[in-house]
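S.K.: This is a predicted model, with the sequence first.
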Amino acid sequence: MSVIYLRCTALLSSSSSSFCTNCPKSKPTKPHFSFSCFASSPDKALSTMSLYVQELSAAKKAASLASRLCQKVQRALLQSDVHSKSDKSPVTIADYGSQALVSFILQRELSSASFSLVAEEDSGDLRTPSGTETLHRITEVVNETLAADGSYHSCALSTEDILTAIDSGRSEGGSVGRHWVLDPIDGTKGFLRGDQYAIALALLDEGKVVLGVLACPNLPLASIVEKDSQKGVGCLFFAKIGSGTYMQSLEGSSPIRVNVSAIENSEDASFFESYEAAHSMHDLSSSIAKKLGVKAPPVRIDSQAKYGALSRGDGAIYMRFPRAGYREKIWDHAAGCIVATEAGGLVTDASGQPLDFSKGRYLDLDTGIIVTNQKLMPLLLKAVRESLAEGASAL
Ligand SMILES: Nc1ncnc2c1ncn2[C@@H]1O[C@H](COP(=O)(O)O)[C@@H](O)[C@H]1OP(=O)(O)O
Ligand SMILES: [Mg+2]
Ligand SMILES: [Mg+2]
Ligand SMILES: [Mg+2]
C-alpha cells in the first residue's frame with residue numbers, strides 16, 4: 001500500500017499557531033479546555049479529575065508513538081551490531097526523532113496559544129554539514145512512524161519541520177506558566193545495551209509537576225521480581241495530580257491503578273539503583289541498605305523505568321547518588337517523580353526536601369535523590385544522613 005504525503009510547510013513555523021493549514025485534521029480546535037477550568041472557574045467543586053485531561057491524552061499519545069520509533073531504531077541497532085562500535089548515530093537518531101515526534105504531536109493535539117518545551121536535545125549538530133545525513137534519517141524515521149500510526153496521514157514533515165520541532169525544546173522552564181518537560185530517551189546506555197530506557201514526559205504548571213507519562217518499552221508488564229514472561233513487555237505509566245498513577249501496556253490494554261509497596265519493615269524491602277556505577281555511587285547505597293537491614297541484593301536497571309517499577313511495588317526504595325559535580329536535569333525526574341508520588345510514594349533529595357522543578361533546566365538539590373513509601377522514608381532518611389556523615393568523616 002502506498003501512502004501519499006502532502007507537504008506541510010506551515011507546520012510548526014509559528015509560535016502563535018502550531019497548526020498546519022494544509023492538513024484537514026489540523027484546524028485550530030476549541031480553546032484550552034482544562035486551562036480555562038483551572039484558571040477561571042469559580043466552582044470549587046470542580047475536582048482535580050477534570051484537570052489536564054486533554055494534556056494527559058496528548059502526552060500518552062506522544063510518548064507511545066515515540067516509543068514505537070525508539071523500538072524500531074533499537075531493533076535495527078541490535079541487529080546491526082553498531083552498539084559494539086563507537087558509532088553512536090542510531091542513538092542520536094532515536095533521541096532526536098523521539099523529541100521531534102513528541103514536540104510535533106503535543107503541538108498538533110493541543111491548541112494552546114503558547115507552547116513551551118524543556119527538552120534534552122537541540123538541533124545544533126544537525127544544522128552543520130556533517131549532520132545532514134543524520135537529519136535525513138531522522139526525518140525518514142519520524143515520517144515512517146507517523147505514517148504507520150495513521151492519525152496524521154496527510155502530513156509528512158520536512159527536514160526544516162524536524163529542526164523546528166526539536167528546537168521547540170529550548171525553553172528554560174521556570175515557575176511561571178506551563179512548560180512541558182521531555183527526556184526523549186532516558187537511559188541512553190540501557191538503550192544501547194538493549195535494556196531498559198524510557199520516554200519521559202511531564203507538564204509543569206506554575207513550577208509544579210501536574211502530570212507525567214513514562215513509556216518503558218522494555219519493562220515487563222509483570223513485576224520484574226516475579227518474572228512472569230506470559231504478560232509481555234512494554235509499559236506506559238501515567239499520573240495526573242490528585243488522580244493516582246496508572247499503568248497500561250504500550251499496546252493499549254485497559255489501565256490499572258498502581259500503588260507503591262506497603263512494606264513497613266525495611267529488612268523486607270528491596271531497592272533500585274542505576275545500572276551504571278558512573279551514574280550513582282553503589283557503595284553509598286549499599287552502606288545505607290546495610291543500615292536498614294535490607295537483605296535483598298540491589299535491583300539495577302537504567303532510566304526512570306525505576307520510578308515506574310517502584311510505583312507498582314516491584315521494589316520499595318530507589319536511591320540515586322551521582323558523583324560530585326553532576327547536576328541533575330529536570331527531564332530526568334519530573335515524570336518519574338509524579339508517577340511515584342501519585343502512587344503513594346515520597347520523592348526527596350538526600351536531606352529530605354521535595355524536588356523543586358521551578359528553577360529552570362536544572363534541579364538544585366542536596367547530594368542525591370531518594371524515593372520510598374511514607375512509612376519507610378524516616379528510616380531511609382536517617383540511614384542516608386548517617387552514611388553521608390560517615391563518608392564525610394572518613395575523608
Ligand atoms: N555522569 C552521570 N551521572 C549521573 N547521571 C548521568 C550521568 N551521565 C548521564 N546521566 C543521566 O542519568 C540518567 C540515567 O540514569 P540511570 O543511571 O538511572 O539509568 C540519564 O538521564 C542519563 O542521561 P541520558 O538521558 O542522556 O541517558
Ligand atoms: Mg535522561
Ligand atoms: Mg536522554
Ligand atoms: Mg543524553
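M.R.: On my side now, so go ahead. Ligands and ions are numbered 1, 2, ... in the order given.

S.K.: so what's the backbone phi/psi at the residue of the stretch 1-150 of the chain found nearest ligand 3?
M.R.: Using CB to the ion, residue 120 is the residue of the stretch 1-150 of the chain that sits closest to ligand 3, at 4.7 Å. Using the backbone N, CA and C atoms, a C-beta is placed for each residue, glycine as well. Backbone dihedrals for residue 120, given as degrees, to the nearest 10, come out at phi -70, psi -40.

S.K.: what's the neighbour count on it?
M.R.: The number of residues packed around residue 120, counting by other CB atoms under 10 Å, is 20.

S.K.: is it true that it touches residue 169?
M.R.: Yes: in terms of CB atoms under 8 Å, residue 120 counts as a neighbour of residue 169; the distance is 7.3 Å.

S.K.: any low-confidence regions in the protein?
M.R.: Where the chain drops to pLDDT under 70, the residues are 1-48, 81-89, 395.

S.K.: what about stretch 257-274, near ligand 1?
M.R.: Yes: shown here: stretch 257-274 in contact with ligand 1 (CB under 6 Å from any ligand atom) through residue 274.

S.K.: Determine how far the last residue of that stretch lies from the first.
M.R.: Terminal residues of stretch 257-274 lie 26 Å apart, using CA to CA, to the nearest Å.

S.K.: what's the following helix or strand after the longest helix belonging to the chain?
M.R.: The residue-count maximum for a helix in the chain (DSSP state H) belongs to helix 53-80. Moving toward the C-terminus from helix 53-80, the next helix or strand (DSSP states H and E) is helix 89-109.

S.K.: give the contact list for residue 274.
M.R.: Contacts were defined as CB atoms under 8 Å, 6 or more residues apart in numbering; by that measure residue 274 touches 280, 300, 302, 320.

S.K.: mind redoing it with 10 Å?
M.R.: 187, 189-190, 280-282, 285, 298, 300-303, 306, 318-322 (CB atoms under 10 Å, 6 or more residues apart in numbering).

S.K.: burial count for residue 326?
M.R.: Neighbours around residue 326, by other CB under 10 Å: 11.

S.K.: all strands of the stretch 251-395 of the chain, in order?
M.R.: Remark: strands assigned in the stretch 251-395 of the chain by DSSP state E, counting those that start in this stretch are 256-258, 271-273, 299-300, 317-320, 345-349, 369-373.

S.K.: I'd like to know which of those is closest to ligand 3.
M.R.: Of all those, strand 317-320 comes closest under CB to the ion, at 15.3 Å.

S.K.: Show the secondary-structure elements that the closest one is packed against.
M.R.: Applying 3 or more CB pairs under 10 Å, 6 or more residues apart in numbering; DSSP states H and E, we find strand 317-320 packed against strand 271-273, helix 282-292, helix 305-311, strand 345-349, strand 369-373, helix 377-393.

S.K.: bridging residues for the closest residue to ligand 2 within the stretch 151-300 of the chain?
M.R.: Of all residues in the stretch 151-300 of the chain, the one sitting closest to ligand 2 is residue 186 (3.7 Å; CB to the ion). When assigned by DSSP bridges, residue 186 has beta-bridge partners residue 198.

S.K.: and it, what does it touch?
M.R.: 95, 120, 196-200, 214-216, 302-305, 307, 329, 331-333, 335-336.

S.K.: how does it look with 8 Å?
M.R.: Counting by CB under 8 Å, 6+ apart, residue 186 has contacts 197, 198, 199, 200, 303, 304, 331, 332.

S.K.: contacts with ligand 1 among the residues you listed, please.
M.R.: Among these, the residues lying close to ligand 1 (CB under 6 Å from any ligand atom) are 303, 332.

S.K.: quick revisit: please name the residues that touch the residue of the stretch 1-150 of the chain closest to ligand 3.
M.R.: Applying CB under 8 Å, 6+ apart, we find residue 120 in contact with 95, 99, 169, 182, 183, 184, 329, 331.

S.K.: and which of the residues you listed is nearest ligand 3?
M.R.: The closest of those to ligand 3 turns out to be residue 183 (CB to the ion; 4.5 Å).
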